[in-house]
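Enquirer: Give me the fold of what follows.
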Amino acid sequence: MDSYLGIDVGGTSIKYGVYNENGEEIKNGKSKIRTPKYDMSKFLKSIKLIIDECGPVNGIGLSIPGCVNPNNGYIQDGGSIRVLDNINIKYILEKELRVKVEVENDANCALLAEKWIGNAIECSNFVCITLGTGIGGALYINNGLVSGSNYFSGEFGYMILDNIHEKYKIKTLNKTSSTVSFVREIANKKGLNSKSLDGLSVFDMIQNRDDEVLELYKIWIRRIAICIYNVGFIVDPEKILIGGGISNQPIFIDDLKSEMKRLSIEVIKETGKIENLYKKWNVGPCKFFNDSGKIGAVYNYIVRNRD
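Expert: Numbers count the residues shown, from 1 in each chain. Sure, this is the predicted structure:
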């Protein structure tokens, strides 16, 4: 049976695994390494080390943040990984490493994984929102992935929610509401080094009912809920799936649903007309949580190389 290497390049780490044509993982290896964000030679070396570790495969699917043209592999904007700006990563990897590669945006890969063997197999219209170093997203409408005319479709992190009346101080969702920005905000509040904290330790604080952390957590959840609510009314999907490492925290998903309910009640009181559509949008986690990117990258490779 053919095997494929799925590589998911994130702002913090590169995750990878080898899968068969049914999406079953057959080799995991070390599973992740730190992302070299500022040096292309180190980035290429890291990818080569992964390929050498995982052994010969039939093809490589690459999941990358930012604005990616999957047809030719050109990255206009590397998102949180600036070294990937304005390069053709497909051409470089195939030339330098002599392997067949297909490239797609990371949130699009998460969505493809859910459509392939995840929580959206039966869906014709659904949305993925990924929370991590930034906030990404992907749209599947009328049985097709929506890339957009400039390959920026679903980049929800660029939505403006705060300081809309202040010049030059506009805050995007990426700045205020990514998992990394939330952890950094907690670190500042507690007088800690942000490098000493991660999402798991912050959720330990939340579950231990730390009042300072809970105050910031409520604001953060509210921002994410507003993003979901806005996207929901634009697309009116069957499902809205949440990806990224934070998605495997049950308390987060439960609290997010509760905030969606509160938000919906507020809107109903304001308009007097809109029903509780958020229930029909079926907000929930991606089936594969933080592994969706590498699985979707494999599926993207398989689809693009079918005979």
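Enquirer: shaky segments in the stretch 101-250 of the chain?
Expert: For the stretch 101-250 of the chain, the stretches flagged by pLDDT under 70 are 162-168.
Enquirer: switch to 80 and redo it
Expert: 161-170, 194, 199 (pLDDT under 80).
Enquirer: For it, which segments are assigned as helices?
Expert: Using DSSP state H, counting those that start in this stretch, the helices of the stretch 101-250 of the chain run over residues 106-117, 173-177, 179-190, 199-207, 211-235, 250-271.
Enquirer: For the residue lying closest to residue 183 once chain neighbours are set aside, give its distance to residue 187.
Expert: Here the nearest residue to residue 183 in space, its sequence neighbours aside, is residue 197; by C-beta to C-beta, 6 or more residues apart in numbering that works out to 5.2 Å. The C-beta positions use only the backbone N, C-alpha and C, and glycine is treated the same way. When distance is defined by C-beta to C-beta, to the nearest Å, residue 197 is 5 Å away from residue 187.
Enquirer: How many residues are close by the nearest residue to residue 230 once chain neighbours are set aside?
Expert: Distance criterion C-beta to C-beta, 6+ apart; nearest residue to residue 230, sequence neighbours excluded, is residue 159 at 7.1 Å. Under the neighbour criterion other C-beta atoms under 10 Å, residue 159 is assigned a count of 17.
Enquirer: Verify the contact between residue 159 and residue 228 for me.
Expert: No - contact criterion C-beta atoms under 8 Å: residue 159 and residue 228 do not qualify, at 11.0 Å.
Enquirer: between the helices of the stretch 101-250 of the chain, which one is nearest to residue 73?
Expert: The closest approach between residue 73 and any of these, judged by C-beta to C-beta, belongs to helix 106-117 at 13.8 Å.
Enquirer: Name the SS class of residue 93, please.
Expert: Reducing the assignment to helix, strand or coil with DSSP: H, G, I helix; E, B strand; the rest coil, the entry for residue 93 is helix.
Enquirer: Let me know the pLDDT of it.
Expert: Among the per-residue scores, residue 93 shows a pLDDT of 90.
Enquirer: shouldn't it be in contact with residue 46?
Expert: No - with contacts counted by C-beta under 8 Å, residue 93 stays clear of residue 46, the gap being 11.6 Å.
Enquirer: Just want to know which of the two has more residues nearby.
Expert: When residue 93 and residue 46 are compared for neighbours, residue 93 comes out ahead with 22 against 18, by other C-beta under 10 Å.
Enquirer: wait, what's in contact with that one?
Expert: If you count contacts by C-beta atoms under 8 Å, 6 or more residues apart in numbering, residue 93 has them with 44, 47, 60, 62, 99, 101.
Enquirer: need the contact list for the second one.
Expert: Contacts for residue 47 (C-beta under 8 Å, 6+ apart) come out as 7, 14, 93, 97.
Enquirer: and what of the third one?
Expert: For residue 60, the contact set (C-beta under 8 Å, 6+ apart) comprises 4, 5, 6, 7, 51, 93, 99, 100, 101, 102, 301.
Enquirer: out of the residues you listed, which are inside helices?
Expert: The helices, defined by DSSP state H, take in 51, 93, 301 from the contacts of residue 60.
Enquirer: what about residue 270, neighbour count?
Expert: By other C-beta under 10 Å, the residues close to residue 270 number 9.
Enquirer: Next, find the distance separating it from residue 264.
Expert: As defined by C-beta to C-beta, residue 270 lies at a distance of 11 Å from residue 264.
Enquirer: Then residue 236?
Expert: Relative to residue 264, residue 236 is positioned 14 Å away (C-beta to C-beta).
Enquirer: Look at the two and report which has more neighbours.
Expert: Neighbours were counted for residue 236 and for residue 264 using other C-beta under 10 Å; residue 264 has more, 19 against 13.
Enquirer: Who are the contact partners of the more buried one?
Expert: Contacts of residue 264 were listed using C-beta under 8 Å, 6+ apart, and they are 229, 274, 276, 277, 278.
Enquirer: Let me see the backbone angles for residue 37.
Expert: phi -90, psi -10 (degrees, to the nearest 10).
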